[in-house]
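Q: quick one, fold the following:
(chains A and B)
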Amino acid sequence: MLFLDLLADGVVTGCAVGVVAVTFTMIYSTTRVFHVAHAGIYTVAGYSTWFLTTRGLPFWLAIICSIAVCAAVGALIQHQLYTRLARRDAPPLVLLIASLGALVVIQNLMAALFSPNILQIPADWRVLTVGIGSIRLSMPQILLAVSSLVIFAGLLAWSRYTSLGKRTRAVAANEFLAEITRLEPRRVYITVMAIASGVLAVPGSLTALDHGLQPYTGTLVLLTATIAMIAGGMGNLFGAFVTSVILAALQTTSTLVIPGQWSIAATFGLFVILMIVAPTGLFARRPR
Amino acid sequence: MRCTLRVSVCAAVLLTGSWVNYAQAAEDITLAALLPTSGPSASVGQEEQQGVQFAMDEINAAGGIRGHMLRINFDDTQGKPDQAVLALNREIDLNKVPAVITAFSAPSLAIAPLATRKKVLVLNPAAQADKLGTASPYMFNTMPLTRDETEVLAHYLTKTLGKKTASIIYENSAAGIDGRNDFIENFKKFGGAILSDEPIQPADTNFRPMILKAAAAKPDVVFTNVIQGDSLPQFVDQVTQHGGFPTVVGTTFLTPAMGLAGSNGWYYTAIRGALPPETDQAIMKKFGTKSVSVYTREYYNDTRILARVAESLIDNQKELTGENFRTELMRIRTFDGVAKISFDTNTAVRNIDILQVQNLVGTKVAEGRVGE
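A: Numbering: from 1, shown residues only, chains lettered A, B, ... in the order given. The predicted model follows:
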């Protein structure tokens, strides 16, 4: 059935976008930096996995290495760029411009190092499919959906139940108070950035495995994730993930009733209306 | 006195330098190629650049054009119309080029009015949007346009194979939309019916929603008009994953998909043309490629056409202006290169073959010519 096929495709895409949205939300709600260079890290993930697999490393090992690479790049950006600018009391706009600059540098670096061509991660099993009822999904799609749900659940659990997660929430709630209670916000920022960037390597690599790699694709993914983050309720991890899935599912299933070229405009148009109705987001916590 | 002497010496040196530069510029024939050497279309742009570069090197190694070295400036358009206009302005104003080679439909359409105004010849080796046929009296297309290819394809599908229904997946770009419109018009003209048509954004590699919708319509064939060939391997993969997908058909733009596992049985049109085997070998050796793409071939050919026109102008002691390039090209009219190319209008008439992928190799199954 076409509707179910399209819905499944949308949900899988939404799960990948959901991880981007959740990690982006984590970074924004903790550091208050609108970290658009996150799209660059998403790109780095795919390229590092591609590079390592083409050098003979098994895909799984390559993904693990990519997690480390992305975590390091994220921590580096926080430590060498945002922290330095924050020390000089740079306003949020300057941080945003710096982040945009970092994104452009990363994307062009990837294009220069690996060519702007669409690259394919060499793994023969990527074309295998699995049938679930009438729905047929590729192996990368199944892995993408499962891993995204695991990452999402893991990040929620980490945020709520670990001491580092609680410390992060404390810093996010009040940086000044965290500073005087020796929670070391700047160290927390680096840790959050490393974790958020590291887990991004999983959907980044699996999407690259499924769709191929391009230096500039991360930008559109981040745009969707940003909208999901805002529409889901700023700072709400659950809202960001669920809204991403809804957004992607709407985008694909809407093609049943409207021509494909209108689906993106129609979906985002619907969210503009929703934002007018509920400006704090769909899943925003009500003030007590 | 000493000061005056110094100034005079400096002025003399500068003037001598300028004269030497001027003399060198007069010796060289400078043209330009406006190609997307960066951005999402860069892989095609690089293949095009290789064709131009190889032809230029070959011409210069053989002594140039009547003793004049050929210099072709590569100006990056990123595949964008605004950048193409900037590039053409740059080449006209700074380098006074009388003729340029262009690439991709949208950038070529964007520079057409400027080419008309500035009287600069624009040779288009591969872009195929229909509007290019009438875009400018100074623009010449050496490849048939999409309407010509889709006419031959639609005729073969309906009259020879007996296919009656089709779905369409097309790229939402100038050439993609033209291909879609032309196929609809021609397929209907020969008695076929269109069941669905779905757009894909340029450079997008997730074709699944479109593949699902096209297959659900249960057509005899799916006409695929994806212009950015880089993304076709992903299309082939996703069609293969779908299982039981109808036969895919297309035009020259489908060529990069051929040879990939999953493309067996597909039909596509191809503009007939071939380089001598030794030239093919030399190009592959020079650029370290495994084959010579249709783009490299056509851009090589067009550089040769420009050189032939320039040679004729020099022989007839005419100035190398855009106006003269245009007049001379129309006077020569027929060029023998990768194929016999003749200009009755601004768009060349060439043979179009129908190929089917058999054992992953494109095999000719029919020959066609527009209007026949």
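Q: direction included, what does the helix or strand containing A:Gly131 pair against?
A: Applying DSSP states H and E as the criterion places A:Gly131 in strand A:129-132. When pairs are called by DSSP bridges, strand A:129-132 turns out to pair with strand A:135-138 (antiparallel).
Q: give the buried residues for the partner strand.
A: Within strand A:135-138, the residues scored as buried using 16 or more other C-beta atoms under 10 Å in any protein chain shown are A:Arg136, A:Leu137, A:Ser138. Where C-beta positions appear, they are placed from N, C-alpha and C, glycine not excepted.
Q: cool, and stretch B:135-149?
A: Under 16+ other C-beta under 10 Å, the buried positions of stretch B:135-149 are B:135-136, B:138-149.
Q: which parts of the stretch 151-288 of chain A are strands?
A: Counting by DSSP state E, counting those that start in this stretch, the stretch 151-288 of chain A forms no strands at all.
Q: spell out which residues of it are next to chain B.
A: For the stretch 151-288 of chain A, the contact set with chain B under C-beta under 8 Å from any C-beta of the partner chain comprises A:His211, A:Gly212, A:Gln214, A:Tyr216, A:Thr217, A:Thr252, A:Thr255, A:Leu256, A:Pro259, A:Gly260, A:Gln261.
Q: you'd agree the last one is up against B:Pro199?
A: Pointing back at A:Gln261 there. Yes - A:Gln261 is within contact range of B:Pro199, at 4.6 Å (criterion: C-beta atoms under 8 Å).
Q: neighbours of A:Gly165, how many?
A: Look at A:Gly165: counted by other C-beta atoms under 10 Å in any protein chain shown, it has 18 neighbours.
Q: find the centremost residue of chain B, please.
A: By C-alpha atoms, centre = their mean, chain B has its centre lying nearest to B:Ala126, at 1.7 Å.
Q: any low-confidence regions in the stretch 151-288 of chain A?
A: Scanning the stretch 151-288 of chain A with the threshold set as pLDDT under 70 gives A:285-288.
Q: just the stretch 151-300 of chain B next, same as before
A: Checking the stretch 151-300 of chain B against pLDDT under 70 turns up nothing.
Q: mind running it again at 80?
A: Applying pLDDT under 80 to the stretch 151-300 of chain B flags the ranges B:203, B:227-230, B:256, B:290.
Q: who in it is up against chain A?
A: The stretch 151-300 of chain B has residues B:172, B:198-200, B:203, B:205-206, B:208-210, B:212-213, B:216, B:230-231, B:233-234, B:237-238, B:240-243 near chain A, with proximity defined as C-beta under 8 Å from any C-beta.
Q: restricted to strands, list those residues.
A: Mapping these onto strands (DSSP state E) picks out B:Glu198, B:Pro199, B:Ile200.
Q: okay, those in a markdown table with neighbour count next?
A: Listed next are these as a markdown table, based on neighbours: other C-beta atoms under 10 Å in any protein chain shown:
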| residue | neighbour count |
| --- | --- |
| B:Glu198 | 23 |
| B:Pro199 | 23 |
| B:Ile200 | 26 |
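Q: quick one: the strands in chain B, in order.
A: In chain B, strands defined by DSSP E lie at B:29-35, B:70-76, B:99-101, B:121-124, B:139-141, B:165-171, B:193-200, B:221-225, B:247-250, B:267-271, B:334-336, B:340-342, B:352-358, B:361-368, listed in chain order.
Q: mind giving me the packing neighbours of the fourth one?
A: In terms of contacts (3 or more C-beta pairs under 8 Å, 6 or more residues apart in numbering or on different chains; DSSP states H and E), strand B:121-124 is packed against strand B:99-101, helix B:105-118, strand B:139-141, helix B:294-315, helix B:322-332.
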